[in-house]
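**Student:** could you work out the structure for the sequence below:
(one chain, ligands or ions: 1)
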Amino acid sequence: MRSVEVRGGYKYFGSSSDKKIVLNHLDMTVNTGTIYGLLGASGCGKTTLLSCIVGVRKLNSGKINVLGRPPGVPGSGIPGPRIGYMPQEVALVDEFTIKETLFYFGRIYGMSEERIFERFKLLHELLELPDANRFIVNCSGGQQRRVSFAAAMVHEPELLILDEPTVGLDPILREKIWHFLVESTRRSKLAVIITTHYIEEANQANKIGLMRNGILLAEDSPKNILTQFECSNLEEAFLMLSQKQGKSEEADSTLRRIESAHAPTEDVIVDEKSSPDDEFPLKSPLKRNRSFQESKRPGIVGKLQLTSKSRMKALMTKNILQLVRQPSGIIFCFLFPILQLSCFYLAIGGNPKNLKFGIVNDEVEDYRLCQNDSLITTFAHDYTCDLYKISCRFLHELTPDIASKVYYDTKEEAQDAAKKGKITGYIHFARNFTESIAEIRDDGRYATNESFYTSEIQIFMDMTDQQISFFLERKLRSTYIRFSENLMADCDFPLALGNIPIHFYEPIFGKAEGEFKEFIAPGIIMTMIFFLATLVTSTIFITDKLDGVWDRTLIAGISVTELLVAHVFTQSVIMIIQCLEVVLYAWYVFNAENRGDNVTVIGLLTLLGFAGMFYGLLISIFCESHTTASFVATGSFYPMIILCGLLWPLEGMPTILRYIAYTFPFTIPSLAVRNILTKGWSITHSQVANGFGVVIVWIVVLFILCIMGLKMKR
Ligand SMILES: Nc1ncnc2c1ncn2[C@@H]1O[C@H](COP(=O)(O)OP(=O)(O)OP(=O)(O)O)[C@@H](O)[C@H]1O
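**Tutor:** Modelled structure (predicted):
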């Protein structure tokens, strides 16, 4: 009986115009109850062949039959519990203990907890594994490989595929593993495919396949190969065969000739079409082959199982342990938002302090004269309300909380200091400032231009820092209003006489002194939630992909949909906690006002987190490393922040750019949250509903792109 059959296996990487052929019409037969040693130099295509056998890659043409059916046929158990796969890299979760590792795979394979424990004890002893509670990350390379081997064996598969299992193990343990494999295949129907660089250890295999440049040069028992080539050892035989095939370049040209002679015909092309609900091809020339012995294991054959409690338990446990056992994960997910929010509320929106403003007062000989109480508080007035050195009254109103005063004798000195950055600007009072004001007041109709000029409070400012100059401008105006009202009061004039006839009454929404913090807070919180979810998701998935855990989990029978669902569950819990924490923290600690409904705010933030999560997944599908992922995430972060209306009103942007910005995931939603918080609008208001609409559209689009990306990448 045959466990694995490959016929005309043809596989290339790259585009059809620029192919790198890795398997070139390869034939291979692995019998049930035997060990098959797959030997070949590095890069000859062994791992690619194995990945096609386990169903994670598809041949471009040719056919594969594993345990009676093509891998990937729904319900075939491949990928899944019928095979055990130990990849070349360790492919284990660092945050698991040894015991948890075996329980993780056992649960995925649908084993009962008792059975997993029994197998764990047996394999623990057989493979001389270290303490069950030792973390994988703390195991040596050799120990990790043994755990990896145990994980492939835990469920007693029908086919065991081992990609260089003995690398890094001492000779005694290597011998022990081979002995175990020989015994297991002798006593059961277990078939083993093993690749190794230690050619001589393959002597114990029932059959060996010598592979070079994507084809099998020979496939026979070690004894027959030695006899046929009249060699004393396999290494020599392999060398002879390789020389016979020719140098690598020659082999390549030979292969190309073989390739054209074997142009793929329709009956051997593996159907690439797959169901939208499943990651593996539905149609296949071998679809009707039912020779596979129905297994007793649940959810393998005959019945298509979407998921199970134990598989979900395995995945969720993995996700949670990966997060909580990494202090950086906890800090990033839960402390980082608090830290960021604290920085934001403490740093943004406060009045600038310790500013220095220059004073050039030509009305007085010595600036100290202005400190004379009689010039500030008492006002010698009579019926005509005579004014005297009133610049001192203005300077008295200019309190140190606005800016500390630095006195200069001349305008030139003050200008020079401002240019050197010592002061933010200066005020100049002309020598006859008070007299000019009195002249305009008493005889305005006949006042000269010169009088108007010298009656000004002249202000010269460094406008390079807009926030500081806005602040000073606002404060100087309010200082003037106080100054003028006091003056009018002392003269028994109506207070409003000194003011310009424009008055801002109680605002409809917001506060008279509009707080920048309240304007920007929704955008900051939303970008934070979105990008945290993006980074956490892309980091988890890319780490799993790089460590080989992603592929190994898929080979164990988990579908991408299950991986996604488990991640969505875990991430949802994290996001709801994050959103609650952010909203409550802002509310209780910083008294952030919410005139609307908290549930609506948290709902919108959580949905945005979902969008961020799918964005992170999309990044992880297309980026092969953390570096490229962070380039993409950071690269998209800045345009979104700049264009979302957080830094500058959308109304100030060119029309086309504004419409582009409206499509971004947090432009309209930020407006919606701002309107909930400051105006108390509910979801029934169209603007808030639009915010929800935009986020939902983003979630759907990103989800579809992720599914398409996952299918493309197979
Ligand atoms: N995803 C890929 N894209 C492009 N080329 C690939 C990809 N995966 C593998 N290859 C190439 O295919 C060839 C066969 O690789 P494979 O990993 O199957 O070799 P191998 O025989 O297992 O090597 P080793 O013993 O060193 O693991 C190599 O030249 C490799 O660079």
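
**Student:** what helices and strands are in contact with the strand or helix carrying residue 526?
**Tutor:** Element membership for residue 526 (DSSP states H and E) is helix 516-547. Applying 3 or more CB pairs under 8 Å, 6 or more residues apart in numbering; DSSP states H and E, one finds that helix 516-547 makes contact with helix 336-347, helix 549-555, helix 560-588, helix 598-622, helix 626-643, helix 667-679. Backbone N, C-alpha and C define where each C-beta goes, glycine included.

**Student:** so which of those gets nearest the ligand?
**Tutor:** Closest to the ligand of the helices and strands packed on helix 516-547 is helix 549-555 (CB to the nearest ligand atom; 11.5 Å).

**Student:** distance to residue 354 added to the helices and strands packed on helix 516-547, as a markdown table?
**Tutor:** Formatted as a markdown table, these follow (distance: least, CB to CB, whole Å):
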| stretch | distance to residue 354 |
| --- | --- |
| helix 336-347 | 15 |
| helix 549-555 | 54 |
| helix 560-588 | 27 |
| helix 598-622 | 36 |
| helix 626-643 | 29 |
| helix 667-679 | 31 |
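
**Student:** so which of these comes closest to residue 146?
**Tutor:** helix 549-555 (15.7 Å; CB to CB).

**Student:** if we can go back for a sec, now the helix holding residue 526, how far from the chain's geometric center?
**Tutor:** 7 Å (CA atoms, centre = their mean, to the nearest Å).

**Student:** for it, which positions count as buried?
**Tutor:** Going by neighbour count (16 or more other CB atoms under 10 Å), the buried part of helix 516-547 is 517-545, 547.

**Student:** the inter-axis angle of it versus helix 560-588?
**Tutor:** Angle, helix 516-547 to helix 560-588, by axes from the mean of the first three to the mean of the last three CA atoms, to 10 degrees: 150 degrees.

**Student:** quick one: secondary structure of residue 20?
**Tutor:** strand (DSSP: H, G, I helix; E, B strand; the rest coil).

**Student:** I'd say it and residue 12 touch.
**Tutor:** Yes - between residue 20 and residue 12 a contact is recorded at 5.9 Å, counting by CB atoms under 8 Å.

**Student:** more neighbours, these two?
**Tutor:** residue 12 (19 against 10; other CB atoms under 10 Å).

**Student:** element containing the more buried one, please.
**Tutor:** strand 2-14.

**Student:** centre of the chain to that strand, how far?
**Tutor:** With CA atoms, centre = their mean, you get 36 Å for strand 2-14.

**Student:** how about stretch 65-78?
**Tutor:** The answer for stretch 65-78 is 35 Å, by CA atoms, centre = their mean.

**Student:** what about it, how long is it end to end?
**Tutor:** Taking CA to CA, to the nearest Å, stretch 65-78 runs 10 Å from one end to the other.

**Student:** so who does the residue nearest the centre of the chain touch?
**Tutor:** For the chain, the residue whose C-alpha lies nearest the mean C-alpha position (CA atoms, centre = their mean) is residue 535; its distance is 2.0 Å. With contact set as CB atoms under 8 Å, 6 or more residues apart in numbering, residue 535 has these partners: 332, 616, 633.

**Student:** ok, the residues you listed vs residue 412, which is closest?
**Tutor:** For residue 412, the nearest member of the contacts of residue 535 is residue 633. The distance, counting by CB to CB, is 52.6 Å.

**Student:** where does pLDDT dip in this structure?
**Tutor:** 245-306, 375-384, 514, 713-714 (pLDDT under 70).

**Student:** quick one: the strands in it?
**Tutor:** Ranges of strands within the chain are 2-14, 19-31, 35-40, 61-66, 83-86, 159-163, 191-195, 207-212, 215-220, 356-361, 404-407, 425-429, 458-461, based on DSSP state E.

**Student:** surely residue 325 meets residue 95?
**Tutor:** Yes - applying CB under 8 Å, one finds residue 325 in contact with residue 95, separated by 4.1 Å.

**Student:** so what's in contact with these two at the same time?
**Tutor:** By CB under 8 Å, 6+ apart, residue 325 and residue 95 have these common neighbours: residue 135.

**Student:** how much space separates residue 177 from the ligand?
**Tutor:** 18 Å (CB to the nearest ligand atom, to the nearest Å).

**Student:** my guess is that residue contacts residue 167, does it?
**Tutor:** No - using CB under 8 Å, residue 177 is not in contact with residue 167, being 11.5 Å away.

**Student:** of these two, give the one with the bigger neighbour count.
**Tutor:** residue 177 (21 against 15).

**Student:** which non-adjacent residue is nearest residue 41?
**Tutor:** residue 212 (6.7 Å; CB to CB, 6 or more residues apart in numbering).

**Student:** what do you get for residue 405?
**Tutor:** residue 359 (5.0 Å).

**Student:** run a quick neighbour tally on the one you found.
**Tutor:** Residue 359, neighbours per other CB under 10 Å, totals 21.

**Student:** same list (the helices and strands packed on helix 516-547) but as JSON lines, adding mean neighbour count and distance to the ligand.
**Tutor:** Below are those laid out as JSON lines (neighbours: other CB atoms under 10 Å; distance: least, CB to the nearest ligand atom, whole Å):
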{"stretch": "helix 336-347", "mean neighbour count": "15", "distance to the ligand": "35"}
{"stretch": "helix 549-555", "mean neighbour count": "24", "distance to the ligand": "11"}
{"stretch": "helix 560-588", "mean neighbour count": "18", "distance to the ligand": "18"}
{"stretch": "helix 598-622", "mean neighbour count": "23", "distance to the ligand": "14"}
{"stretch": "helix 626-643", "mean neighbour count": "15", "distance to the ligand": "15"}
{"stretch": "helix 667-679", "mean neighbour count": "23", "distance to the ligand": "38"}
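
**Student:** what's the closest of those to residue 485?
**Tutor:** helix 667-679 (31.0 Å).

**Student:** now do that closest one: which elements does it pack against?
**Tutor:** For helix 667-679, the packing partners by 3+ CB pairs under 8 Å, 6+ apart come out as helix 516-547, helix 598-622, helix 686-712.

**Student:** before we move on, the earlier item: can you tell me the strand partners of the strand holding residue 12 and which way each runs?
**Tutor:** Paired neighbours of strand 2-14 in the sheet (DSSP bridges): strand 19-31 (antiparallel), strand 61-66 (antiparallel).

**Student:** what residues of that strand count as buried?
**Tutor:** Taking 16+ other CB under 10 Å as the criterion, strand 2-14 shows 3, 4, 5, 6, 8, 9, 10, 11, 12 as buried.

**Student:** contact partners for the first one?
**Tutor:** For residue 3, the contact set (CB under 8 Å, 6+ apart) comprises 30, 31, 32, 66, 67, 158, 159, 189, 191.

**Student:** residues contacting the residue lying closest to the second one once chain neighbours are set aside?
**Tutor:** So that's residue 31. Computed as CB to CB, 6+ apart, the closest residue to residue 31 that is not its neighbour in sequence is residue 2, at 5.8 Å. Going by CB under 8 Å, 6+ apart, residue 2 touches 29, 30, 31, 32, 65.
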